[in-house]
Structures are given as C-alpha cells and as structure tokens.
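Trainee: okay, predicted coordinates and the sequence, questions at the end:
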Amino acid sequence: MAKVKARRIIHSIHAVSDIDLCRRKYQDVFGAIVFNEGYEPSTDRNHALLYAADHMIEPMAPRDATTTDKGFARWLDKHGEGWHSFEIK
C-alpha cells in the first residue's frame, strides 16, 4: 500500500441530529462564520458550511431522523452522531 503524505485536514463533515444546535456551538465556541446553508432532497438532509479559521466544517442532519428510508437518516441511525468524513490536503 502506498503512503500518502497529508499536510492537514481542510474539510470535515460532522453528522448530527440537530443542525441548528451544532451550527450555533461552532459559532459560539470557535467564532465560525456560516457561508452557506441548504437542503439536499435526494438524501433528505440539511447542511451548513462554516469556516473556523482556515478549516471548513460541514454539519449535516437529516430533515426527518425518523424516516430511515432516506440515505442520511439511515446512516445516522446506524452510526450515530460524530465525524462522517474528512478531506485531507
């Protein structure tokens, strides 16, 4: 297996059940700035894009966590809240 030299994490996705609470915590604790918010109908999830210093954080939450027939609610039900993925430079 080839080694990959990673310099830093530039984007992290945080899977949560309450996107508003998560967004406010990032804003209050880290002074994060929201630059985009939206809804992805194909996976029935809300997202926010925030910058905290030079790091982009993307909290994501299912619009309806009880409807696990949609992709993201199913993922959250199976894995729980926490880090979903990272983009490495």
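Mentor: Everything's here; your move.
Trainee: for the rest of this, base every contact and every neighbour count on C-alpha atoms.
Mentor: Will do.
Trainee: ok, longest helix in this structure?
Mentor: helix 19-30 (DSSP state H).
Trainee: would you mark the buried spots in the helix or strand bottoming out on mean pLDDT in the chain?
Mentor: Of all helical and strand segments in the chain, the minimum by mean pLDDT, DSSP states H and E falls on helix 71-79, at a mean of 87. Under the neighbour-count criterion of 16 or more other C-alpha atoms under 10 Å, helix 71-79 has F72, A73, R74, W75, L76 buried.
Trainee: how near is the fourth one to T66?
Mentor: Distance of W75 to T66, computed by C-alpha to C-alpha, to the nearest Å: 12 Å.
Trainee: quick one: mean pLDDT over the longest helix of the chain.
Mentor: Averaged across helix 19-30, pLDDT comes to 95.
Trainee: what does stretch 81-89 give?
Mentor: Rounded mean pLDDT across stretch 81-89 is 91.
Trainee: and for that stretch, what's in contact with it?
Mentor: For stretch 81-89, the surrounding residues in contact (C-alpha atoms under 8 Å, 6 or more residues apart in numbering) are A6, R7, R8, I9, I10, H11, S12, I13, H14, A15, V16, S17.
Trainee: kindly recompute the last result at 10 Å.
Mentor: 4-18, 56-61, 75-76 (C-alpha atoms under 10 Å, 6 or more residues apart in numbering).
Trainee: so P41 touches K70, yeah?
Mentor: Yes. The criterion here is C-alpha atoms under 10 Å, and P41 meets it with K70 at 9.5 Å.
Trainee: find residues that contact each of the two.
Mentor: With C-alpha under 10 Å, 6+ apart, P41 and K70 have common neighbours R63.
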